[in-house]
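K.L.:
Quick one: sequence plus predicted model below, questions after.
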Amino acid sequence: MSALNINNLQNTFQDALNFGGSPGAVSTSPTQSFMNSLPQRLNAAKQQKVLKPFSTGDMKILLLENVNQTAIEIFKQQGYQVEFHKTAMGEDELLGKIKDFHAIGIRSKTKLTAKVLEQAKNLICIGCFCIGTNQVDLNYAADKGIAVFNSPFSNSRSVAELVIAEIITLARQLGDRSIELHTGTWNKVSARCWEVRGKTLGIIGYGHIGSQLSVLAEAMGLHVIYYDIVTIMALGTAKQVATLDELLNKADFVSLHVPETPETRNMLSAPQFAAMKDGAYVINASRGTVVDIPALVQAMKANKIAGAALDVYPNEPGKNGAGTYNDDLNSWTSELVSLPNVVLTPHIGGSTEEAQTAIGIEVSNALSKYINEGNSVGAVNFPEVSLRSLDLDQENTVRVLYIHQNIPGVLKTVNNILSNHNIEKQFSDSNGNIAYLMADISQVNQSDIKQIYEELNQTSAKISIRLLY
Ligand SMILES: NC(=O)c1ccc[n+]([C@@H]2O[C@H](COP(=O)([O-])OP(=O)(O)OC[C@H]3O[C@@H](n4cnc5c(N)ncnc54)[C@H](O)[C@@H]3O)[C@@H](O)[C@H]2O)c1
């Protein structure tokens, strides 16, 4: 892939100043905004130089699957050309189209296979406007020097709020009362219905979602304990416990927020249900494999567990529709749905308008930063490298972005090429077979740029090069 457009060589510093969309001016996700603004605040007296990879008219982005409108706005603010489609594209359609684009934004339905990526001659980066990245051949993309970004944490708050709702729903048997009334039965009962105030919530996995949940639960008067494989500082008055058993012995509500790993598979099974308090509740909005559902069914039938809320399942239907959640999917389905006080939701923990907006902002900012500055922090298949921005007074400074095979001796060759100039700063990192070098070099004039590009282009380990100035 040749990322250097020869027209760039005519780009002047004044062009860069006229460039409308400063990456620093782009709005960021709420969780990032404060951290992102820190360097600007600390460096208020110095204005940042806006780097320019292509003339803005040249930068083409293909957005598929109705990605959030915020993404379109952010890319247009950058001056990029955006082609937007509401639906996914199949392999044949992509094969004819993808070569024209420098970036592509997808959700989960568009498959970016090796065959498609092979045709993506100009593609620099891919944005998955969702959590998962299985739809992209990540290794092939990395081998081609294409960085892939996603948005793993934009919906943490949405999941935490759903769990809060489920805690009260289970404690008050709201699901059952609602179903009864929908079918004409008035059943005003208070037996085994509880306030949540003063009860103990046990959170397994105190990461992005678990810790959000902790704060919300304390506000409702719950005591919070948590178990995690790493030691994590508690928020509020929550307390970390040393073992899973200790959590299970003490908690009235147990909520799981762990990733899917071999260690978390069937993390709650018959022995763990036996270790729980009589009448405890189980909530799983993490991954479908972490709860042994047949064992949960048995524990509920034995009145050991008083209720359960499940949002995720070992097998989930591929699309919405009646009759898709059945025994063919998971053999225990009909037994589970027949139990009282079981709240079942179709993997909607992160499905809110706010989460979609946050995903749109997070992924489009990540792509813009990578395109405009070379910053690959957050890439899932690629070395994560970043350099602080250039200042406005750094004229004749060029940022070199050199993606290469991770083999011995490459940096020696590259630094030899750059050594006629002042290397102001550089950072390199590797991930598997791929390595990525960012370097800011000063005292470079237009003819030097061309020469540097050509010399780097001839290095045998090169995968792709971009020069920003
Ligand atoms: N239901 C939904 O729609 C939805 C939406 C987003 C995320 N999720 C899922 O929620 C889960 C948590 O997401 P997150 O963003 O909080 O992840 P995270 O990576 O921020 O936190 C996970 C925590 O689990 C801990 N952990 C890992 N293995 C553990 C083990 N064996 N025992 C105890 N703790 C362990 C980690 O140390 C970490 O603190 C993930 O499985 C994610 O896929 C579900």
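P.N.:
Yes, it's here. Numbers count the residues shown, from 1 in each chain.
K.L.:
Going along the chain, name the helices of the stretch 351-469 of the chain.
P.N.:
Taking DSSP state H, counting those that start in this stretch as the criterion, the stretch 351-469 of the chain contains helices spanning 353-373, 410-418, 446-457.
K.L.:
Get me the contact residues on the stretch 301-450 of the chain for the ligand.
P.N.:
Contact residues (Cβ under 6 Å from any ligand atom) of the stretch 301-450 of the chain with the ligand: 311-312, 347, 349-350. To be clear about C-beta, it is placed using only N, CA and C from the backbone, and glycine gets the same treatment.
K.L.:
Throw the residues you listed into a markdown table and include pLDDT, thanks.
P.N.:
Below are those laid out as a markdown table (pLDDT from 0 to 100):
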| residue | pLDDT |
| --- | --- |
| 311 | 97 |
| 312 | 96 |
| 347 | 94 |
| 349 | 96 |
| 350 | 93 |
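K.L.:
Of the helices of the stretch 351-469 of the chain, which stretch is the most buried?
P.N.:
Looking across the helices of the stretch 351-469 of the chain with neighbours counted as mean count of other Cβ atoms under 10 Å, the highest average goes to helix 353-373: a mean of 23.
K.L.:
coming back round to it: wait, which of the helices of the stretch 351-469 of the chain is closest to residue 318?
P.N.:
With distances scored as Cβ to Cβ, the stretch of those nearest to residue 318 is helix 353-373 (20.2 Å).
K.L.:
average pLDDT for that closest one?
P.N.:
Mean pLDDT, taken over the full extent of helix 353-373, equals 95.
K.L.:
for that helix, packing partners?
P.N.:
Under the contact definition 3 or more Cβ pairs under 8 Å, 6 or more residues apart in numbering; DSSP states H and E, helix 353-373 sits against helix 30-42, helix 69-77, strand 103-106, strand 125-128, strand 147-149, helix 156-171.
K.L.:
thinking again about what came up before, using TSV, lay out the helices of the stretch 351-469 of the chain together with distance to residue 264.
P.N.:
Listed next are the helices of the stretch 351-469 of the chain as TSV, based on distance: least, Cβ to Cβ, whole Å:
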stretch	distance to residue 264
helix 353-373	23
helix 410-418	39
helix 446-457	44
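K.L.:
Need the helices and strands packed on helix 353-373 in TSV (columns: mean neighbour count).
P.N.:
Converted to TSV, these look like this (neighbours: other Cβ atoms under 10 Å):
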stretch	mean neighbour count
helix 30-42	12
helix 69-77	19
strand 103-106	27
strand 125-128	27
strand 147-149	25
helix 156-171	21
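K.L.:
The ones you listed into JSON lines, with extra columns for mean pLDDT and distance to the ligand?
P.N.:
Putting those into JSON lines (pLDDT from 0 to 100; distance: least, Cβ to the nearest ligand atom, whole Å) gives the following:
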{"stretch": "helix 30-42", "mean pLDDT": "40", "distance to the ligand": "12"}
{"stretch": "helix 69-77", "mean pLDDT": "95", "distance to the ligand": "19"}
{"stretch": "strand 103-106", "mean pLDDT": "98", "distance to the ligand": "18"}
{"stretch": "strand 125-128", "mean pLDDT": "98", "distance to the ligand": "14"}
{"stretch": "strand 147-149", "mean pLDDT": "98", "distance to the ligand": "16"}
{"stretch": "helix 156-171", "mean pLDDT": "98", "distance to the ligand": "5"}
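K.L.:
of these, which approaches residue 409 most closely?
P.N.:
When these are ranked by distance to residue 409, counting by Cβ to Cβ, first place goes to strand 147-149 at 24.0 Å.
K.L.:
Name the surrounding residues that touch that closest one.
P.N.:
Defining contact as Cβ atoms under 8 Å, 6 or more residues apart in numbering, one finds that strand 147-149 is touched by 124-128, 133, 136, 138, 141-142, 363, 366-367, 370, 376, 378-382.
K.L.:
can you do 7 Å?
P.N.:
For strand 147-149, the surrounding residues in contact (Cβ atoms under 7 Å, 6 or more residues apart in numbering) are 125-128, 133, 136, 138, 141, 363, 366-367, 370, 376, 378-382.
K.L.:
now do stretch 116-130
P.N.:
By Cβ under 7 Å, 6+ apart, the surrounding residues in contact with stretch 116-130 are 1, 3, 67-68, 71, 91, 94-95, 98-99, 101-108, 112, 136-137, 140-141, 144, 146-151, 359-360, 363-364, 366-367, 370-371.
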